[in-house]
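1. have a look at this prediction, sequence included:
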Amino acid sequence: MTDWLSEIQAIDALAGCRIDPTLVHELQARATRAPMLPLDAATPSFQAYATSEMTGCCKSAFPVFSITGSACALQCDHCQARILEPMIAVPTPELLETQVRALAERKILRGFLLSGGSNRRNEIAYERFYPAIERIKRDFPLISIAVHSALLDRPRAHTMADAGIDVAMMDVIGAEETIRQVYHLDRAVTDFEQTLAALCETRMAVVPHIVIGLHYGRILGERHALELVSKYPIDALVLVVVMPVQAKPATFVTPDAGEVARLFMDARAQIGGTRINLGCARPHGLYRRTIDAYAIMAGLDGIAFPSEGTLTLAKAIGRPISASNGCCALKPGRNKLRTPTMDYHI
């Protein structure tokens, strides 16, 4: 049997990564009890991407739109609304529809993500955009539409589904302290669970996200969040890692990579056969290569924008590789974004 630690040490791109040998051996031992599943490498077009192993998809194939531009009332400590800045601002339904139709009619668009800043209750007012979305889905039914739902109730969840949204994504937070201190939000963990339950009652694919290290870089409510999502018929789970560079200055530390790896392992064990992806939000540099390597070895099903060396490691430990050019939350088989012809070189 291939020794995973030896394979890691042979990959130049992973030189300098602080990878725990004991943890690698534990991950390999766990893998012997389950088949090595294919790895889906996702490359949405909302940022430039290329490594020696893989190139990104065509520009504008899967854009991200914000209905509030860069504005957000919450100003959470972990984000400071910076996640909205690279999104395409569409302050009116007419502008959204115009931009989507222009791309769709040129046969460029495969899908898009609709997002926006929250109000002080962590709600996003999408309602006035639904007629435009209905017209888009009527004329371009193969386009996949994903939405960051934020918090909502049962009627609003069904209205969202009726408009033609294919995938609903939301953050699940498992600690009251994090909601109050990091999000500056007067809501409870139960509000997040109730939103998840409401979304799961609809026809939409539901893909919750858990932000690892959300409490100023500490692991606090993540395992409770895992318990919550494991209770519902979700379509996939996306794990991301907090990025201190986007946070309020001098408030966050980078989560310990070994602790992140153990959360990967816990998620894989607890969520069972449900698809688990490592999302695009995670720190850069050698740290990113380290946690990407752990994700591959922990058996996560997909990874967005895999870092240099990641696909080489996947191949070395026996994981087949496929590629998709949409948001990793869009489940292969449930949408039209899957393609076997992406350009990866191993």
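-> Great, that's in hand.
2. from here on, contacts and neighbour counts on C-alpha atoms
-> Noted.
3. neighbours of the closest residue to residue 121 other than its chain neighbours, just the number please.
-> Once its chain neighbours are removed from consideration, residue 121 has its nearest residue in residue 185; the separation is 6.5 Å (C-alpha to C-alpha, 6 or more residues apart in numbering). Here the count is done by other C-alpha atoms under 10 Å, and residue 185 has 18 residues near it.
4. and for the one 3 residues further on?
-> Look at residue 188: counted by other C-alpha under 10 Å, it has 15 neighbours.
5. surely it meets residue 177?
-> No - with contact defined as C-alpha atoms under 8 Å, residue 188 and residue 177 do not form a contacting pair (9.5 Å).
6. where does the residue nearest to residue 121 fall, secondary structure wise?
-> Taking DSSP states H and E as the definition, one finds residue 185 inside no helix or strand.
7. ok, it to residue 168 distance?
-> The span separating residue 185 from residue 168 equals 21 Å under the rule C-alpha to C-alpha, to the nearest Å.
8. check residue 252 too.
-> As defined by C-alpha to C-alpha, residue 252 lies at a distance of 28 Å from residue 168.
9. comparing these two, which residue is more hemmed in?
-> The residue with more neighbours, out of residue 252 and residue 168 and counting by other C-alpha under 10 Å, is residue 168; that gives 28 against 21.
10. quick one: the strands in the stretch 51-200 of the chain?
-> If DSSP state E, counting those that start in this stretch is used as the criterion, the strands of the stretch 51-200 of the chain fall at 64-66, 88-89, 111-115, 144-148, 167-171.
11. and the angle for the third one with strand 144-148?
-> Per axes from the mean of the first three to the mean of the last three C-alpha atoms, to 10 degrees, the angle that strand 111-115 makes with strand 144-148 is 20 degrees.
12. what does strand 111-115 rub up against?
-> For strand 111-115, the external contacting residues (C-alpha atoms under 8 Å, 6 or more residues apart in numbering) are 61-67, 143-149, 326-327, 337.
13. can you give me the angle it makes with strand 167-171?
-> For the pair strand 111-115 and strand 167-171, the angle between their directions (the same axes, to 10 degrees) equals 40 degrees.
14. mind listing what's buried along strand 111-115?
-> When neighbours are counted by 16 or more other C-alpha atoms under 10 Å, the buried residues of strand 111-115 are found to be 111-115.
15. kindly report the same for the last one.
-> For strand 167-171, the buried set under the neighbour-count rule, 16+ other C-alpha under 10 Å, comprises 167-171.
16. strands paired with that strand, and their directions?
-> Using DSSP bridges, the strands paired with strand 167-171 are strand 144-148 (parallel), strand 205-212 (parallel).
17. quick check: which of the ones you listed is nearest to residue 26?
-> For the strands paired with strand 167-171, distance to residue 26 was read as C-alpha to C-alpha. The smallest value, 20.9 Å, belongs to strand 205-212.
18. pLDDT (mean, whole number) over that closest one?
-> Computed over strand 205-212, the mean pLDDT rounds to 97.
19. so what touches it?
-> By C-alpha under 8 Å, 6+ apart, the residues outside strand 205-212 that reach it are 166-173, 196, 199-200, 219, 222, 225-226, 229, 234-242, 255, 260, 329.
20. just checking, next helix/strand downstream of it?
-> Tracing the chain past strand 205-212, the next element assigned as helix or strand by DSSP H and E is helix 222-229.
21. contact partners of that following helix?
-> Taking C-alpha under 8 Å, 6+ apart as the criterion, the residues outside helix 222-229 that touch it are 172-175, 193, 196, 208, 210-213, 263, 267, 270-271.
22. repeat the analysis, applying 10 Å as the threshold.
-> Defining contact as C-alpha atoms under 10 Å, 6 or more residues apart in numbering, one finds that helix 222-229 is touched by 171-175, 189-190, 192-193, 196-197, 207-215, 230, 236-237, 239, 263, 266-267, 270-271.
23. residue 22 against residue 5, yeah?
-> Yes - under the contact definition of C-alpha atoms under 10 Å, residue 22 touches residue 5, with a separation of 9.4 Å.
24. stretch 261-268: which residues count as buried?
-> Quick answer for stretch 261-268 (16+ other C-alpha under 10 Å): 261-265, 267-268.
25. hmm, I was thinking of stretch 284-293
-> Counting neighbours by 16+ other C-alpha under 10 Å, one finds that the buried residues in stretch 284-293 are 286-293.
26. including pLDDT and distance to residue 135, could those residues go into TSV?
-> Supplementary listing: those in TSV, determined by pLDDT from 0 to 100; distance: C-alpha to C-alpha, whole Å:
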residue	pLDDT	distance to residue 135
286	97	45
287	97	43
288	97	40
289	97	42
290	98	44
291	98	41
292	97	39
293	97	42
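27. out of these, which sit inside strands?
-> Counting by DSSP state E, no part of those is found in strands.
28. so which of the residues you listed comes closest to residue 304?
-> Nearest to residue 304 among those, with distances taken as C-alpha to C-alpha, is residue 292, at 9.7 Å.
29. that closest one: what's it in contact with?
-> Taking C-alpha under 10 Å, 6+ apart as the definition of contact, the neighbours of residue 292 are 257, 261, 278, 282, 286, 298, 300, 303-311, 313.
30. rerun that using 7 Å as the cut-off
-> Contacts for residue 292 were tallied using C-alpha atoms under 7 Å, 6 or more residues apart in numbering; they are 306-307, 310.
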